[in-house]
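1. pasting the structure only:
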């Protein structure tokens, strides 16, 4: 029996997974200093967000994640009934989020990513392997949701058409490669190197930022912003990561540059939350 199953023996699995998803969102929000993102220092490159709002949004999503896990248990198999249940629950969760935040999009991308991962784990709770969970989530994401509303004017779709970037949908359908191949390995490498938990999480975020076509950055700052994000994140890691003096200097420069471009890597932040969720699954 895995650690996750031991906990679920005392707490119902849907409740347990919702707890971990919200915990991942809170941990991502609190992590500091994140370049141009909301954290304990302030609002980053955002004028409409702050840490308290991020916390309130995360807690408001607990029922959404619980219901997604329950839908996976009820459906019992990967297919269109599950995909469409998740879509409906996710849209309800987004409405609850917007009601709490006064219409501000705090976690739309995280609902998508974490919702898929929550459901994927609930389908096979005896398999805690992060790669396997992400692959199952990818297979769910590939299924058509016939009731999904068209969003031709969304920022993500506009950016994808303009720059040919891979968006959140494609990232999920591929099994979250930015998380499985980059974020999680860097998180574990930095931990094993003795960097400390907060620095290891910062390094995981930077590993995601170093290669992700972040549509939030592209929307706000175009290819120049994306190039600045990639180059700056790679510079921090090349200097030894956020636990080193050189890495911290490079991180401050990256923060300054992204602020100047008004480029907030919100897509990378959502994927860091997904990374922390998968990591939590392996340790609970």
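-> Alright, I've got the coordinates. As the structure is a prediction and not an experimental result, all values here were calculated from the model.

2. C-alpha from now on. contacts and neighbour counts both.
-> OK.

3. Which residues are in contact with residue 89?
-> By CA atoms under 8 Å, 6 or more residues apart in numbering, residue 89 lies in contact with 64, 67-68.

4. Report the buried members of those.
-> Neighbour counting over the contacts of residue 89 (16 or more other CA atoms under 10 Å) leaves 64, 67-68 as the buried ones.

5. and residue 199, how many neighbours?
-> By other CA atoms under 10 Å, 21 other residues sit near residue 199.

6. State the distance from it to residue 121.
-> Separation of residue 199 from residue 121 (CA to CA, to the nearest Å) stands at 27 Å.

7. Below-threshold pLDDT in the stretch 101-250 of the chain: ranges please.
-> 152-153 (pLDDT under 70).

8. Tell me which helix or strand the residue nearest to residue 22 when sequence neighbours are not counted sits in.
-> Nearest non-adjacent residue to residue 22, counting by CA to CA, 6 or more residues apart in numbering: residue 58, 5.6 Å away. Assigning secondary structure by DSSP states H and E places residue 58 in helix 51-60.

9. do the same with residue 251
-> For residue 251, the element it lies in under DSSP H and E is helix 245-261.

10. Need the contact partners of that helix.
-> Taking CA under 8 Å, 6+ apart as the rule, helix 245-261 contacts 34-36, 44-45, 220-221, 225, 228-229, 232-233, 235-242, 264.

11. And the buried ones among these, selectable in ChimeraX?
-> Here is the ChimeraX command that selects the buried residues among the contacts of helix 245-261 (16+ other CA under 10 Å):
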select :34,35,36,44,45,220,221,225,228,229,232,233,235,236,237,239,240,241,242,264
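
12. Among the contacts of helix 245-261, which lie within helices?
-> Using DSSP state H, the subset of the contacts of helix 245-261 located in helices is 220-221, 225, 228-229, 232-233, 235-238.

13. Redo these as a markdown table? Include distance to residue 77.
-> Listed next are the ones in helices among the contacts of helix 245-261 as a markdown table, based on distance: CA to CA, whole Å:
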| residue | distance to residue 77 |
| --- | --- |
| 220 | 39 |
| 221 | 41 |
| 225 | 41 |
| 228 | 42 |
| 229 | 39 |
| 232 | 42 |
| 233 | 39 |
| 235 | 43 |
| 236 | 42 |
| 237 | 40 |
| 238 | 43 |
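
14. And those, which is closest to residue 167?
-> residue 220 (14.7 Å; CA to CA).

15. mind checking how far that closest one is from residue 166?
-> 16 Å.

16. Could you check the helix holding residue 58 and say which residues are buried?
-> By neighbour count on 16+ other CA under 10 Å, the buried set for helix 51-60 is 51, 53-55, 57-60.

17. what's the burial count for the closest residue to residue 142 other than its chain neighbours?
-> Using CA to CA, 6+ apart and skipping residues adjacent in sequence, the residue nearest residue 142 is residue 173, 5.6 Å away. Around residue 173 there are 19 other residues, counting by other CA under 10 Å.

18. Please report how far residue 173 lies from residue 270.
-> With CA to CA as the criterion, residue 173 and residue 270 are 15 Å apart.
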